[in-house]
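Student: Please work out how this folds:
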Amino acid sequence: MIESSTKSDIPPESENIADCADDIFRIENLTMAYGDYVVMRDLNFSVRKGEIFFIMGGSGCGKSTLLRHMIGLLKPAKGTIYFRGKNFSDAPETEKMEMLRQFGVLYQSGALWSSMTLAENVSLPLREFTKISARDAADIVDLKLSLVGLNGFGSFYPSEISGGMCKRAGLARAIALDPLVLFFDEPSAGLDPVSSHRLDELIVRMRDSLGATVVVVSHELASIFAIADRAIFLDTAAKTQSAVGAPRELLNSDNKDVRIFLNRGVDPRMQKEG
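Tutor: As a prediction, the model looks like this:
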């Protein structure tokens with residue numbers, strides 16, 4: 001049986017999701033669990049149209065699990081996920097597939113097929129979800145590879161390029177269908193600081209050029225402060241959210257764990273008192 005909700009000593013900072021008219025996602029009373037083991041409970045937040053929204057928290061807190069719930073790979077133990085005002089969690093299969101076509105996902109590894117060229121990898125969504133001609137598909141693939149800085153690399157295999165280039169190729173595939181929402185699972189994992197910074201810039205550019213909404217799972221503070229409009233903090237100990245808001249506004253959060261996380265292990269309030 002799923003354990004019941006309990007309140008933490010410090011109430012989580014959160015938004016009034018009912019006041020958000022431009023929600024792409026609205027998450028209400030979400031509990032995530034594997035069998036009887038609860039990962040997170042009572043999550044309530046929204047993701048607004050056109051923003052870059054980060055899911056942050058310490059290792060093992062359930063960040064990637066939350067993303068998998070939002071893209072339909074896992075079902076909620078309790079609660080509901082709404083996409084553009086419609087119940088995504090319990091949507092009929094045909095309706096859910098239509099919603100999924102509006103998502104683009106870049107997984108941590110890039111998830112490219114090693115036996116396919118970059119062009120073949122990027123063309124997969126076009127072949128699966130559209131009936132466009134091979135010539136038109138090839139033109140779209142060239143455009144998407146160009147948008148991520150891989151013009152001329154279509155004939156290369158994943159093993160022939162760097163990790164950062166594989167991430168960009170994965171992004172080209174994620175944007176093949178011009179999605180409304182782009183999801184990134186730990187996009188900076190395994191990248192050096194320069195490549196990570198370039199990927200941050202690319203994420204912003206994709207948001208602006210596609211008019212997309214972006215959801216990013218990360219604990220990389222440099223990326224969070226550089227490009228996040230808002231973020232949710234998942235608290236491992238409390239097993240719920242502790243804060244939702246703009247990262248710089250949360251630097252002096254009322255929640256101690258949020259302050260320490262965003263200030264790299266230092267509590268600014270303790271420093272002031274000292």
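
Student: Please make it C-alpha for all contacts and neighbour counts, starting now.
Tutor: Fine.

Student: Could you check how far the residue nearest to Gly190 when sequence neighbours are not counted is from Leu124?
Tutor: Spatial nearest neighbour of Gly190, chain neighbours left out: Gly163 (7.6 Å); criterion: Cα to Cα, 6 or more residues apart in numbering. Separation of Gly163 from Leu124 (Cα to Cα, to the nearest Å): 20 Å.

Student: list the contacts for the residue nearest to Met40 when sequence neighbours are not counted?
Tutor: Sequence neighbours aside, Lys239 is the residue nearest to Met40 in space, at 4.6 Å (criterion: Cα to Cα, 6+ apart). Taking Cα atoms under 8 Å, 6 or more residues apart in numbering, we find Lys239 in contact with 38-41, 61.

Student: Make JSON lines out of these and add pLDDT and neighbour count.
Tutor: JSON lines is the format used below for the contacts of Lys239 (pLDDT from 0 to 100; neighbours: other Cα atoms under 10 Å):
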{"residue": "Val38", "pLDDT": "96", "neighbour count": "16"}
{"residue": "Val39", "pLDDT": "96", "neighbour count": "18"}
{"residue": "Met40", "pLDDT": "97", "neighbour count": "24"}
{"residue": "Arg41", "pLDDT": "96", "neighbour count": "24"}
{"residue": "Cys61", "pLDDT": "92", "neighbour count": "20"}
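
Student: Tell me which entries of these lie within strands.
Tutor: 38-41 (DSSP state E).

Student: Next, the buried residues of the helix or strand containing Leu199.
Tutor: Using DSSP states H and E, Leu199 sits in helix 193-210. Residues of helix 193-210 classed as buried by neighbour count (16 or more other Cα atoms under 10 Å): 196-197, 199-200, 202-204, 206-207.

Student: and which of these is nearest to Asp22?
Tutor: Ranked by distance to Asp22 (Cα to Cα), the buried residues of helix 193-210 are led by Arg207 at 16.0 Å.

Student: residues in contact with that closest one?
Tutor: Contact analysis of Arg207 by Cα under 8 Å, 6+ apart lists 50, 52, 213-214.

Student: Of the residues you listed - the most surrounded one?
Tutor: Val214 (27 neighbours; other Cα atoms under 10 Å).

Student: mind checking the SS state of that one?
Tutor: Here Val214 is recorded as strand under DSSP: H, G, I helix; E, B strand; the rest coil.

Student: ok, what's across the strand from it?
Tutor: Ile52, Leu182 (DSSP bridges).

Student: so where's the protein uncertain?
Tutor: 1-21, 109-110, 268-274 (pLDDT under 70).

Student: For it, just list every one of the helices.
Tutor: 63-70, 93-100, 118-129, 134-147, 163-174, 193-210, 221-227, 256-262, 268-273 (DSSP state H).

Student: With distance to Pro76 added, can I get those helices in JSON lines?
Tutor: Shown next, in JSON lines, are the helices of the chain (distance: least, Cα to Cα, whole Å):
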{"stretch": "helix 63-70", "distance to Pro76": "7"}
{"stretch": "helix 93-100", "distance to Pro76": "15"}
{"stretch": "helix 118-129", "distance to Pro76": "27"}
{"stretch": "helix 134-147", "distance to Pro76": "34"}
{"stretch": "helix 163-174", "distance to Pro76": "25"}
{"stretch": "helix 193-210", "distance to Pro76": "28"}
{"stretch": "helix 221-227", "distance to Pro76": "26"}
{"stretch": "helix 256-262", "distance to Pro76": "25"}
{"stretch": "helix 268-273", "distance to Pro76": "36"}
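
Student: Quickly compare the ones you listed and say which is most buried.
Tutor: helix 163-174 (a mean of 24; mean count of other Cα atoms under 10 Å).

Student: Check what contacts that helix and list those residues.
Tutor: Contacts to helix 163-174, defined as Cα under 8 Å, 6+ apart, come from residues 103-107, 109-112, 118, 121-125, 141, 144-145, 147-150, 158, 182, 187, 190-191, 195, 199.

Student: Mind doing that once more with 6 Å?
Tutor: Contacts of helix 163-174 from elsewhere in the structure, counted by Cα atoms under 6 Å, 6 or more residues apart in numbering, are 104-106, 110, 122, 144-145, 148.

Student: picking up where we left off before, and the ones in strands among the contacts of Lys239, which is closest to Ile227?
Tutor: Comparing the ones in strands among the contacts of Lys239 against Ile227 with Cα to Cα places Met40 closest, at 25.5 Å.
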